[in-house]
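Q: pasting the sequence and the predicted coordinates here, then a few questions.
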Amino acid sequence: MTEITEKARIGAPAIDGFTEEGENLSPANPDNSPLAGASAKSHSHGGGVGVPDSSRAGRLTSYKVEDFPVLTGREEDWRFTPLKRLRGLHTQALTGAAPSVAVTGPEGAERPAGITVETVGRDDSRIGSAGIPEDRVSAAAWEAFSEATVVTIPAESSIEPAVGISVTGSSKDPSAQHIVIVAEKFSKAVVVLDHKGSATVSQNVEIDVQDGADLTVVSVQEWDDDAVHASSQQAKVGRDAKFKHVVVSLGGDLVRVTPSARLKQTGSEVEMFGLYFADAGQHLEQRLFVDHAVPNCKSRVLYKGALQGENAHTVWVGDVLIRKEAEGTDSYEANRNLILSDGARADSVPNLEIETGLIEGAGHASTTGRFDDEHLFYLMARGIDEKTARRLVVRGFLNEIIQQIKVPALEERLTEAVERELAAGNF
Amino acid sequence: MSTLEIKDLHVSIETEQGEKEILKGVSLTIKTGEIHAIMGPNGSGKSTLASTIAGHPRYIVDSGSITLDGENVLEMSVDERARAGLFLAMQYPVEVPGVTMTNFLRTAKTALDGEAPKLRTWTKDVKEAMSQLRIDADFAQRNVNEGFSGGEKKRVEILQLELFKPKFAVMDETDSGLDVDALKVVSEGHNRVHETGEMGTLLITHYTRILRYIKPDFVHVFVDGRIAEEGGPELADRLEEEGYDRFLPTAAKA
């Protein structure tokens, strides 16, 4: 397979002319880009005073939309997003009807006992507990929402089966939504956010993983073909807590998920997985951020995507920041893309910023491969028929993520959804 | 006893300058138990013959026939040819993303036999064959050919030969790029299957050194898309001494 591989480990020799985030130097960035500051030109980190503009640590955060400049599409965090297709999420007041929220058990079954579900106003103390908007569209939603859904996993409870939060859209007017998930101390649960229907929505999901908790959040985007969804999913991870986040993006015209995990207490562990399957014309974007701010935490990131059809476009940007204080960090992130037909485009940008040498390990990898006639010939020359051969490859590739979910009914549904995607592409 | 019969085969490929004829009338008959070596200089059409037998879509058969026990191979799709008992050990095996060796071998075996292999004996067979070919056990969990070295890829081709037990094996320059140890291991793998007496082999090679380990019954010299000379193993010895020079046009000799 034709492969474009980028790999870096600590201690790897620096390549002249490249920073660790090499693409920062891309001539595609105009001079007025926030990237093109002195720090980018001097190819060094922390060369100037304070935090360099190009560092993820320096990104503006604010609850106020007016603090963010109007988007031009040249910003580092929007440069891959077709703004025209945001259907006004970045320009209009988000006053439309937000998608409905229903809290159930797995796949719509009865809600598991023990959890608390509340609808609260803007003044609730739990709002703002896990994250501050990091972009204009997220801030717009923060300003616009009138009520939020708060799902609480009580302290020391182990909730089974999974909690399902069904988000169902029925309006195309730009809207705002706010959801808070609180996993109290030493609790254990799996929460599935399930997005369906049609919507134009900017969503903030705050996830508060308190000390010793073990929380899995799965966000499934199976929207109708015309949906536009921007989702900022920010997690604050407590001491010795475990947080697993899985993004599954299959349906929608434009889906942009920006998950972040902030490790602010020692001993925590974060795993972030993602699966996306883009068809002709779809734009599926995921930009994640892992912030190692304290010593002895561990993070693992693996996103896998398949693309088929004309103008299927996926974007993966993985920012991992290991701050000066975060000694003993163990981190690895990877993105794998599989292009199944002509005309599709996968952008993949792993960014690893390391401010201390005293770490266990840190690495990143990105591969984008193509399934072509030679692969098909090879498998068929071993007696495997064409349809089976194609499915063998895609299934095998994506299964690695699906099996991380550990909610059997959902795994089954997603496997079927992948099969449908394959069938739709004449695979 | 099976027979693979190639008659007056003409094959061309599409190039930017239009169709180019590569095979210009090749006839060859291989029977079960026989080893035929096809030797020849670069560009003589050896690999074209191998790929055409397997059904690679790049090669256009203009005329002639390939039959397996009387069945028209040219009418079969690539997978049907494999299921009919033809196996091509490829010169450049591709890396297949997303499919582990274990999954691939089992899926292929199931397709070839029409039923899933019995799990216990199958696992044992795979392990044994891997160990004989000195393929590391963790290869089973790796994706097909992904990150394998050239020699490892060739060993994996022979692993499949041993596990799939085809009626006819076409080995397309399996020896190229192998060091002496790997060449021995690979040849022994082939010979184990050959010794069952149930397989015929078409061994395509540029060099004579593999013929020290795999003993051909017949040697065919390919030049410019045709068989220029045929004989027994002694022909290979002569080629070893003299090279291909006497088959090349006079202009090229200078």
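A: Looks like it arrived, so ask away. This one's a predicted model, so the numbers in the text were calculated from it and none came from an experiment.
Q: and the stretch 1-150 of chain B, which of its residues are near chain A?
A: B:54-57, B:77-79, B:81-83, B:87-88, B:90, B:93-100, B:103-104, B:107-108, B:111-112, B:143-144, B:146 (Cβ under 8 Å from any Cβ of the partner chain). Every residue, glycine included, has its C-beta placed from N, CA and C.
Q: go through those residues and flag which are in helices.
A: B:54, B:78-79, B:81-83, B:103-104, B:107-108, B:111-112 (DSSP state H).
Q: circling back to that earlier point, pull out the buried residues from the residues of the stretch 1-150 of chain B next to chain A.
A: Among the residues of the stretch 1-150 of chain B next to chain A, the ones that count as buried by 16 or more other Cβ atoms under 10 Å in any protein chain shown are B:54-56, B:78-79, B:81-83, B:87-88, B:90, B:93-100, B:103-104, B:107-108, B:111-112, B:143-144, B:146.
Q: quick check: the residue of the stretch 1-150 of chain B nearest chain A.
A: The stretch 1-150 of chain B approaches chain A most closely through residue B:98 (3.0 Å), counting by Cβ to the nearest Cβ.
Q: for that residue, give its distance to residue A:322.
A: 30 Å (Cβ to Cβ, to the nearest Å).
Q: follow-up on the earlier one: which residue comes closest to the residue of the stretch 1-150 of chain B closest to chain A once chain neighbours are left out?
A: Closest residue to residue B:98 apart from its sequence neighbours, by Cβ to Cβ, 6 or more residues apart in numbering or on different chains: residue A:397 at 3.0 Å.
Q: what about that neighbour, how many neighbours?
A: 24 (other Cβ atoms under 10 Å in any protein chain shown).
Q: that one falls within a helix, correct?
A: Yes: the assignment for residue A:397 is a helix, going by DSSP: H, G, I helix; E, B strand; the rest coil.
Q: tell me how far it lies from residue A:405.
A: In terms of Cβ to Cβ, residue A:397 sits 16 Å off from residue A:405.
Q: now residue A:250
A: 14 Å.
Q: hey, where'd the strands end up in the stretch 101-250 of chain A?
A: Taking DSSP state E, counting those that start in this stretch as the criterion, the stretch 101-250 of chain A contains strands spanning A:116-121, A:147-153, A:163-183, A:188-209, A:214-222, A:228-237, A:242-251.
Q: quick check, the residue in chain A closest to chain B?
A: residue A:397 (3.0 Å).
Q: pretty sure that residue contacts residue A:338?
A: Yes: if you go by Cβ atoms under 8 Å, residue A:397 and residue A:338 touch, sitting 5.2 Å apart.
Q: give the residues shared as contacts by the two.
A: A:304, A:306, B:97-98 (Cβ atoms under 8 Å, 6 or more residues apart in numbering or on different chains).
Q: about what we covered before: quick one: least confident of the ones in helices among the residues of the stretch 1-150 of chain B next to chain A?
A: Within these, pLDDT reaches its minimum at residue B:103, with 92.
Q: quick one: contacts for that one?
A: If you count contacts by Cβ under 8 Å, 6+ apart, then residue B:103 has A:392, A:396 around it.
Q: re earlier: make CSV from the strands of the stretch 101-250 of chain A and add mean neighbour count, mean pLDDT and distance to residue B:192 to it.
A: Formatted as CSV, these follow (neighbours: other Cβ atoms under 10 Å in any protein chain shown; pLDDT from 0 to 100; distance: least, Cβ to Cβ, whole Å):
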stretch, mean neighbour count, mean pLDDT, distance to residue B:192
strand A:116-121, 13, 97, 66
strand A:147-153, 20, 98, 59
strand A:163-183, 22, 97, 56
strand A:188-209, 25, 98, 51
strand A:214-222, 22, 98, 49
strand A:228-237, 26, 98, 56
strand A:242-251, 24, 97, 46
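Q: can you redo those strands as a markdown table with distance to residue A:129?
A: As requested, the strands of the stretch 101-250 of chain A are exported to a markdown table (distance: least, Cβ to Cβ, whole Å):
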| stretch | distance to residue A:129 |
| --- | --- |
| strand A:116-121 | 12 |
| strand A:147-153 | 10 |
| strand A:163-183 | 7 |
| strand A:188-209 | 5 |
| strand A:214-222 | 14 |
| strand A:228-237 | 7 |
| strand A:242-251 | 15 |
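Q: can you add distance to chain B and give those strands back as CSV?
A: Shown next, in CSV, are the strands of the stretch 101-250 of chain A (distance: least, Cβ to the nearest Cβ, whole Å):
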stretch, distance to chain B
strand A:116-121, 39
strand A:147-153, 35
strand A:163-183, 29
strand A:188-209, 25
strand A:214-222, 21
strand A:228-237, 27
strand A:242-251, 17
